[in-house]
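Novice: for reference, the sequence and a predicted model appear below.
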Amino acid sequence: MTRITSRFAMLIATAAVLPLVVYGVVSLWSLRMGTQRSVREGNLNVATRVGEQIHLYITNNVNVLKALGAELRGTHLEAWQQDRILKNYVLDFPEFRELTLFDLAGSPIVTSRAGTPEVAIPESGAPAREGFYISAVTIDDDLLPTTTIAIRLEASPVGEATGQTDAERGGWLVGELSLEQLWRMVDQIRVGREGYASLVSEDGRLLAHGHPDQKRNIASGRILHEHTMAAELRAGREPSKEYVEGTRTILATGALVKSLNWAVIVEQPTDEAYAITRQLERQLLVAIGVALLVTITFGIIWGRGFIRRVFALRRGTLALADGRLDERVAIGGQDELTELADAFNTMADRLVELQEDVRRQERQAMFGKIAAGLVHDLSHPIQNIGNSCKLILKMWEDGEYRDTFRRTVDRELQTVKRVLDDLKNIARPIPLERFPLELNRSVAEVVEAMQPHAEMAGLTLKAELSSEPLFIEGDVFALGRVYRNLIINAIQATAPGGLIVVTTERQGASPQVRFYDTGCGIPADRLHAIFDDFMTTKRRGLGLGLAISKKIVEQLGGTVTVASEVGKGTTFVLEFPETAARPMPAAVAG
Amino acid sequence: MTAEQVADTLRVAIKNPVSIATAPSLQQVSSVTVDGLTEFSIRLTAPSALLLSDLAYLELKKVSSGPAGDAAGTGPFVVESKEQKRIVMRRFDGYRLGAPAIERIELNGFPTVRNAWTAMMRGEVDFLYEVGADAAEFVGGESSVQTFTFLRPYTLTLGFNLNHPVLKSREVRQALNGAIDRDEIVKAGFRGRARPAHDPVWPNHWAFSGAVPTYAYSPDAAALGLSAAGYATVQKVSDRMPSRFHFTCLVYPPLERIALMIQKQLFSVGVDMSIELVKLGEIASRAGRGNFDAYLLWQITGRSLTFPYLFWHSPEPGRPVFLESGYSVADAALNRVRYARNDDEFRTAVASFQQVIHDDPPAVFLAWEERVRAVNRSFHVPPQEPGRDVIFSLWRWRPSAETNARAQ
């Protein structure tokens, strides 16, 4: 019962649940990897785009410088005109706080400042990037980031001709750039609700941060040497990283600003960045869970239906084995199990019919046997009575014969009565009168009475009695019949010259009586049935002797056992419970 | 403090030139008499519409110094100690509107806005007095800070010296007023965080008149006006730009960019304005001596008419001179303001003063700047009436429980 249920559960698990679970795990993994990758790529795109915009912002301003340089060179402008142009540029391009034209030696020629210029030409050896120079970013007193960009103006192609202005002899155009617009650009970058962009200079200074609360770090000139993302980017490694900050895990992606080597970093807490991933995962988990639940539910419902029918078949089979042939299997459906149940029921019906046939045949055989036994057991006494009746008519006057007639008829009628009593006793308890008796004596009397029969059969019958008295509770007449039956059977089974020994003894607390003969023995396959009703090895007779004997012994609380070997003989052992009671003195004396 | 002590203080003040310099109405005080423990009377030689506001600017000092020094006052906080860059004030429990919730205030000076702001972010400062237009949006973005915008009672002024041979011409000054694009200055110079100004009367003053005409920006009309004033010819002098005339403007350095804008706008009408960057103290000194052609700076107007009176009334005996510009045409109007007997007279007088300023402008009044006061969110600031400066509700601010605990 358990095995098929377990197997069925295993079947559902392996055929439906396991694949679904595997599918779920693979799907979840794929979903997580896919969505996280797309989030990272999205943030990376934001960082890259911001980097491009910053680069564009710087290069646009460099282009303004170049345009200004073009206006100042080769146009033979007077100083006041150059001054006006510079001032106009400063006002027209508010990204510039100051524009100053220097000669090659670094002396200011003209400046947009009302006073002394505050910018200077790049230091010797400063690296040029795409034709311009840029200084480190600083934060001014108004909290705004600023830097200086410079381009070098080559000498005018006309050479060292007389009349060239300072600007035409070459020099530097330097502009102090307010990165306020750049700052606003970074400020406007939002990724979700909590994702911000920041800008880190080449030397690790925080230049801009989209989070308003991070402005203090910019204003305080904090150097972010420890910022892992910027370091990773500069090392050319994966532009995406996760790290723990406080209690939250942060997803950081970054991109370098072309030619400036500044790093744009987009940071977003993973719980927000992967919120959609989590939501999709939850939805997938719910879907898989529901599918699992449905699968298991249907599996259980269907499996229970299937197993219930198998169990019904099993119960029917067990009932049949128990002999309850009226048990039938009732299962619905149209499948093979239904056909099997139908076949089972048909088989049970057929078994009932067969059993009825067997019983009928057994009854008939029994009746035949009983009838034959009765004929056998009763025909001889009836024949004797009949013959005696015929002779009495002729020999009525013979008084001796009448006496013989009377004894003969009485004896034969006793025989008839005994046969009929046996039949009666088979069906109901034998009426016994139990009194304490001495076993040796009851055995000795019967053995003595049976001596003539043994001698007629050419056999030696002897009793070997226990030296101590053995007391049991018994019916002396019923026990006498048991002894006689066993001795007669032994006589009939033993060839002339054989030996029959009846012994009494105590085995522990139980008195025993053994009947041993050297007869033909009983085959082993029939030994178990010799105490059954109407069972006999003889050709004639009812075969009730051993059955009635066993019944008497058991009613007296004893047991009967038999051991036999074909060709060597048979031993019956009667064992009784010993009693502490003693027979009446008269009975003992006899 | 008793009425007697206040009366003593006032009696000293009316003889003190420093007090009179910022409170001209004290010159009208003839006597101060004590009427009771908490009452005293001030007798004037003439009616004064400026006395009450002048008293607000007056620094009262006890005649006899107590343990807390000689400072006296009637406001919500009392000066406890005063050092060079640090003033400590303590709550005045007897303040007439109720005892302030803040027990103690420390005033500290910082060299730059950035210094002050970063100190605020570090939790060392709870209140930032002023943040300019450039930094206002970044300061306001900080989640731990609440900001309050107010119209600063200072007007950005391009003032002229009427002793200058050209600038003495009313027509020239009128033309220069039309040559300046105030809206552009507000937009580009202050990122829109300012309002155009046309006269020195604070727009939030109850007596301000909006009916007085203003100068519309018109460079063409300005050029015509200059030509009509006798400056039609554009001449080139040495290596300077060709111009109708030239003057030098003293410029407070933070206003350099605005000065460049003005310079450009004047250039477009043929006026050559040189810029001379000068420290504030020097500008004040030179303005008082009349040693300038023009100046560009934030000129205080205050919330009353006292400072316009001080700046634009011609010098008077017994009163220090703030500005020697040679301007006197507004004297009559300003006297009407000073001696007004009631609100109507005062309002009419102010409108008359605004009109005179328009008709014969001593300067180009450019803009009123909106600035921001930043307060740490650890203080609860009650809702403000529109246009009110949040600092005037300082006595009603309440520190949070955490702030109180931190202060312990």
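Specialist: Thanks, I have it. Residues are numbered from 1 along each chain as shown, chains lettered A, B, ... in the order given.
Novice: for the rest of this, base every contact and every neighbour count on C-alpha atoms.
Specialist: OK.
Novice: pick out the residue nearest the middle of chain B.
Specialist: Centroid-nearest residue in chain B: B:Ile300, 1.8 Å away (criterion: Cα atoms, centre = their mean).
Novice: for the residue located most distally from the centre of chain B, which three-state class applies?
Specialist: Here chain B reaches farthest from its C-alpha mean at B:Ser238, the gap being 39.2 Å by Cα atoms, centre = their mean. Classification of B:Ser238 using DSSP: H, G, I helix; E, B strand; the rest coil returns coil.
Novice: if we can go back for a sec, any idea what sits nearest the residue nearest to the centre of chain B, other than its immediate chain neighbours?
Specialist: Spatial nearest neighbour of B:Ile300, chain neighbours left out: B:Tyr154 (4.3 Å); criterion: Cα to Cα, 6 or more residues apart in numbering or on different chains.
Novice: can you show me the CA trace of stretch B:208-220 as PDB?
Specialist: The C-alpha coordinates for stretch B:208-220 follow below in PDB (Å, rounded to 0.1, in the frame of the first residue of the first chain):
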ATOM      1  CA  PHE B 208       6.100 102.500  -2.300                       C
ATOM      2  CA  SER B 209       4.300 103.900  -5.300                       C
ATOM      3  CA  GLY B 210       4.000 101.700  -8.400                       C
ATOM      4  CA  ALA B 211       2.400 104.600 -10.400                       C
ATOM      5  CA  VAL B 212       5.700 106.500 -11.000                       C
ATOM      6  CA  PRO B 213       6.900 106.000 -14.600                       C
ATOM      7  CA  THR B 214      10.000 104.000 -15.300                       C
ATOM      8  CA  TYR B 215      12.600 104.100 -18.000                       C
ATOM      9  CA  ALA B 216      12.100 101.600 -20.700                       C
ATOM     10  CA  TYR B 217      15.200 100.100 -22.300                       C
ATOM     11  CA  SER B 218      15.800 101.800 -25.600                       C
ATOM     12  CA  PRO B 219      19.300 102.200 -26.800                       C
ATOM     13  CA  ASP B 220      18.200 104.200 -29.800                       C
END
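Novice: touching it from outside, list them.
Specialist: B:177-182, B:198, B:201-202, B:268-269, B:347, B:350-351, B:354-355, B:358 (Cα atoms under 8 Å, 6 or more residues apart in numbering or on different chains).
Novice: swap in 7 Å and give it another go.
Specialist: B:177-181, B:198, B:201-202, B:269, B:350-351, B:354-355, B:358 (Cα atoms under 7 Å, 6 or more residues apart in numbering or on different chains).
Novice: and for stretch A:185-195?
Specialist: Contacts for stretch A:185-195 (Cα under 7 Å, 6+ apart): A:Tyr196, A:Ala197, A:Ser198, A:Ala208, A:His209, A:Gly210, A:Val266, A:Glu267, A:Gln268, A:Pro269.
Novice: lowest-pLDDT helix or strand in chain B?
Specialist: None of the helices or strands of chain B scores lower by mean pLDDT, DSSP states H and E than strand B:61-66, at a mean of 56.
Novice: run through the residues of the stretch 201-350 of chain A sitting next to chain B.
Specialist: Within reach of chain B by Cα under 7 Å from any Cα of the partner chain, the stretch 201-350 of chain A has these residues: A:Pro212, A:Asp213, A:Arg216, A:Ala219, A:Ser220.
Novice: I'd like those as CSV, with distance to A:Glu336, pLDDT and secondary structure appended.
Specialist: Supplementary listing: these in CSV, determined by distance: Cα to Cα, whole Å; pLDDT from 0 to 100; DSSP: H, G, I helix; E, B strand; the rest coil:
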residue, distance to A:Glu336, pLDDT, secondary structure
A:Pro212, 76, 76, helix
A:Asp213, 76, 77, helix
A:Arg216, 82, 72, helix
A:Ala219, 85, 71, helix
A:Ser220, 86, 69, coil
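Novice: B:Leu266 contacts B:Ala179, correct?
Specialist: Yes: contact criterion Cα atoms under 7 Å: B:Leu266 and B:Ala179 qualify, at 6.4 Å.
Novice: ok, and the most crowded of the residues of the stretch 201-350 of chain A next to chain B?
Specialist: Highest neighbour count within those, by other Cα atoms under 10 Å in any protein chain shown: A:Ala219, with 24 neighbours.
Novice: so who does residue 90 touch?
Specialist: Since you didn't name a chain, this refers to chain A. A:Val90 touches A:Phe96, A:Arg97, A:Glu98, A:Leu99, A:Ser112, counting by Cα under 7 Å, 6+ apart.
Novice: if you could check chain B rather than the one you did, that'd help
Specialist: B:Phe77, B:Val78, B:Val79, B:Glu80, B:Glu103, B:Arg104, B:Ile105.
Novice: which of the residues of the stretch 201-350 of chain A next to chain B sits closest to B:Gln27?
Specialist: A:Ala219 (49.0 Å; Cα to Cα).
Novice: could you check how far that closest one is from A:Arg205?
Specialist: 10 Å (Cα to Cα, to the nearest Å).
Novice: any weak-confidence spans in the chain?
Specialist: This is for chain A. Across chain A, residues meeting the criterion (pLDDT under 70) sit at A:1-2, A:142-143, A:156-169, A:220-227, A:427, A:533-543, A:585-590.
Novice: not quite, I wanted chain B
Specialist: Those would be B:1, B:59-73, B:133, B:403-404, B:406-408, if you go by pLDDT under 70 across chain B.
Novice: how about the helices of the stretch 151-300 of chain B, start to end?
Specialist: B:170-179, B:182-184, B:190, B:219-228, B:256-267, B:280-289 (DSSP state H, counting those that start in this stretch).
Novice: of all those helices, which one comes closest to A:Val310?
Specialist: helix B:190 (91.7 Å).
Novice: so where do the strands sit in the stretch 251-400 of chain A?
Specialist: A:263-269 (DSSP state E, counting those that start in this stretch).
Novice: residues from the stretch 51-200 of chain B in reach of chain A?
Specialist: Counting by Cα under 7 Å from any Cα, the stretch 51-200 of chain B sits next to chain A at B:Thr112, B:Val113, B:Arg114, B:Thr118, B:Met121, B:Asp134, B:Ala135, B:Phe138, B:Gly141, B:Glu142, B:Ser143.
Novice: from those residues, which would you call buried?
Specialist: B:Val113, B:Arg114, B:Thr118, B:Met121, B:Asp134, B:Ala135, B:Phe138, B:Gly141, B:Glu142 (16 or more other Cα atoms under 10 Å in any protein chain shown).
Novice: now tabulate those residues in CSV and tack on distance to B:Met89.
Specialist: What follows is these, written out as CSV (distance: Cα to Cα, whole Å):
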residue, distance to B:Met89
B:Val113, 22
B:Arg114, 24
B:Thr118, 23
B:Met121, 23
B:Asp134, 30
B:Ala135, 28
B:Phe138, 30
B:Gly141, 30
B:Glu142, 28
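Novice: I'm done for today, thanks for sticking with me.
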